[in-house]
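Asker: coords below, sequence missing:
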């Protein structure tokens with residue numbers, strides 16, 4: 001298993017911090033893979049999601065690619081993927097992510113809130129390699145979260 005540093009935005013009132021994101025090699029090549037799998041690995045952000053349904057692996061989360069920020073005409077030189085949980089262990093919705101809510105400030109909309117923990121991984125361009133993220137990536141991710149409503153789950 002490979003491992004990389006990623007940024008987690010915890011659901012509670014803790015500030016974002018770095019975690020180790022593990023990735024296992026794909027069992028077989030995939031034709032036209034989705035972004036998280038283009039690097040030939042399966043990331044495992046589920047290990048950081050509280051109250052996630054056990055044993056589902058990648059079926060328990062979804063992702064949002066981050067390639068450009070609002071107002072940008074060109075893609076960022078590196079890409080990011082925000083992973084978020086979708087299947088809880090008790091069937092209930094995940095709590096609103098207080099860190100994302102604080103970042104969005106007055107723009108926060110409860111109907112489109114980010115829910116659960118958010119793990120953001122850094123990728124090389126076109127998502128072909130996973131890279132170590134650092135807190136220097138935080139301003140880019142924060143800017144994206146500021147303008148990006150949570151996904152409809």
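Answerer: Cool, got the structure. If you're wondering where the values come from, they're calculated on a predicted model, not measured in any experiment. Numbers count the residues shown, from 1 in each chain.

Asker: can we go C-alpha only for contacts and neighbour counts from here?
Answerer: Noted.

Asker: need the outlier residue of this protein, farthest from its centre.
Answerer: residue 28 (23.8 Å; CA atoms, centre = their mean).

Asker: which residues touch residue 112?
Answerer: 149-152 (CA atoms under 8 Å, 6 or more residues apart in numbering).

Asker: what pLDDT is listed against it?
Answerer: Predicted confidence (pLDDT) at residue 112: the value is 90.

Asker: if we can go back for a sec, by neighbours, which of the contacts of residue 112 wins?
Answerer: Of all the contacts of residue 112, the most densely surrounded is residue 150 (21 neighbours; neighbours counted as other CA atoms under 10 Å).

Asker: so residue 43 touches residue 20, yeah?
Answerer: No: the pair residue 43 / residue 20 is not scored as a contact, 10.7 Å apart, by CA atoms under 8 Å.

Asker: so for these two, which sits in the more crowded spot?
Answerer: More crowded of residue 43 and residue 20, by other CA under 10 Å: residue 43, with 25 against 19.
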